[in-house]
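[1] got a structure for you, letters missing:
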């Protein structure tokens, strides 16, 4: 655990003092789950359920805020079972999928999702030809219902292919009224206005939060970081955590704490619980 400044340490202490008012927000991939070549093979960290259940009686709520579809995150993380365990301590678990556009909570297990964005079907039809033109036919295309993601991680020149695809995919997305979200060797195309910042603001308001903790790992978490910074300016206790990697460093200058991936995130949450109980 590495605090980025003396002020960051002060923010941590303030968050601990008000932990019963805090919403814990966590990305899934790279934060709760190690990054793997095949996104379908990702699984929640073996210690995550124990750590989050241990926080249950200390915080206002816990939310997994992810680019993945809700149903997929529930399956890969056994999150319904985790939500039931947390509920025994009176704490609700939220899963906000596809950047906050899909929603599930452990209170009623109800799944809510909007209609797919206009232009997405046309984009998907044109995508294979684009991949062929740019020598990326073997890239893994993940269709999420509300978005489509092209993963280059499995390719021999993963980063080079990612760089080669980013501009033409952006142009095609914009032609269909969609936006692009680059990540760690993945390029996601989705509707305009779909981002995690909206999810953070909505949760903070709904839960009447006095504080917000958010941990992310790549550019898809940037709007969430910005939303938490805005809550800080409004007087809430906040902590921004970067789960660092060699592949992505964009969040480091904005973070209060830098930790090494999911192991570091869970270790930080253990410290948070221990300090709140001391």
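    Arrived safely. Everything numeric in this text was worked out from a predicted model, so none of it was measured.

[2] so where do the strands sit in this structure?
    Assigned by DSSP state E, the chain shows strands spanning 2-3, 22-26, 61-65, 92-97, 102-105, 140-143, 147-151, 178-182, 186-191, 211-216, 237-243, 257-259.

[3] Worst mean pLDDT among those?
    Mean pLDDT is lowest for strand 2-3 out of these, coming in at a mean of 88.

[4] Quick check: residue 183 touching residue 67?
    Yes. Shown here, residue 183 and residue 67 form a contact pair, counting by Cβ atoms under 8 Å, at 7.5 Å. C-beta here means a position set from N, CA and C on the backbone, and glycine is covered the same way.

[5] Out of the strands of the chain, which one sits most buried?
    Greatest average neighbour count among the strands of the chain goes to strand 211-216 (a mean of 28), per mean count of other Cβ atoms under 10 Å.

[6] Give me the angle between it and strand 61-65.
    Angle of strand 211-216 versus strand 61-65, following axes from the mean of the first three to the mean of the last three Cα atoms, to 10 degrees, is 30 degrees.

[7] So which other helices or strands are in contact with strand 211-216?
    helix 6-17, strand 22-26, helix 196-206, helix 222-233, strand 237-243, helix 261-277 (3 or more Cβ pairs under 8 Å, 6 or more residues apart in numbering; DSSP states H and E).

[8] Please name the residues that touch residue 91.
    For residue 91, the contacting residues are 55-57, 59-62, by Cβ atoms under 8 Å, 6 or more residues apart in numbering.

[9] try 10 Å
    Neighbouring residues of residue 91 by Cβ atoms under 10 Å, 6 or more residues apart in numbering: 24, 52-53, 55-62, 83, 85, 106.

[10] any idea how far residue 137 is from residue 130?
    According to Cβ to Cβ, to the nearest Å, residue 130 and residue 137 sit 10 Å apart.

[11] brain fart, residue 260
    Residue 260 sits 35 Å away from residue 137, going by Cβ to Cβ.

[12] Quick check on those two: which one has the bigger neighbour count.
    residue 260 (13 against 10; other Cβ atoms under 10 Å).

[13] The residue lying closest to the more buried one once chain neighbours are set aside: neighbour count?
    In space, and not counting its chain neighbours, residue 260 is closest to residue 244: 6.2 Å by Cβ to Cβ, 6 or more residues apart in numbering. Other residues near residue 244 come to 19 when the count uses other Cβ under 10 Å.

[14] Surely residue 244 and residue 263 touch.
    No. Counting by Cβ atoms under 10 Å, residue 244 sits too far from residue 263 to count as a contact (11.3 Å).

[15] Report the distance from stretch 269-278 to the chain centre.
    23 Å (Cα atoms, centre = their mean, to the nearest Å).

[16] buried stuff in that stretch?
    By 16 or more other Cβ atoms under 10 Å, the buried positions in stretch 269-278 come out as 269, 272-273, 276.

[17] Output the helices and strands packed on strand 211-216 in TSV, with distance to residue 158 appended to each entry.
    Converted to TSV, the helices and strands packed on strand 211-216 look like this (distance: least, Cβ to Cβ, whole Å):
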stretch	distance to residue 158
helix 6-17	33
strand 22-26	25
helix 196-206	24
helix 222-233	21
strand 237-243	20
helix 261-277	18
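
[18] just so I know, which of those lies nearest residue 187?
    Closest approach to residue 187 among the helices and strands packed on strand 211-216 (Cβ to Cβ): helix 222-233, 15.1 Å.

[19] That closest one vs helix 6-17, what angle?
    Computed by the same axes, to 10 degrees, the angle between helix 222-233 and helix 6-17 is 80 degrees.

[20] okay, the angle between helix 222-233 and helix 196-206?
    40 degrees.

[21] Next, the buried residues of helix 222-233.
    Buried, per 16+ other Cβ under 10 Å, within helix 222-233: 222-228, 231-232.

[22] Next: stretch 104-121.
    104-106, 113, 117, 119-120.

[23] Tell me how far it lies from the chain's centre.
    16 Å.

[24] same question, stretch 196-206
    For stretch 196-206, the distance to the chain centre is 13 Å (Cα atoms, centre = their mean).

[25] Straight-line length of stretch 41-50, end to end?
    By Cα to Cα, to the nearest Å, the extent of stretch 41-50 from end to end equals 21 Å.

[26] Looking at that stretch now, give me its mean pLDDT.
    On average, stretch 41-50 scores 94.

[27] Would you mind pulling the contact partners of that stretch?
    26, 28-36, 51-52, 64, 68, 72-73, 75-79, 81-82, 85-86, 261-263, 265-267, 269-270.
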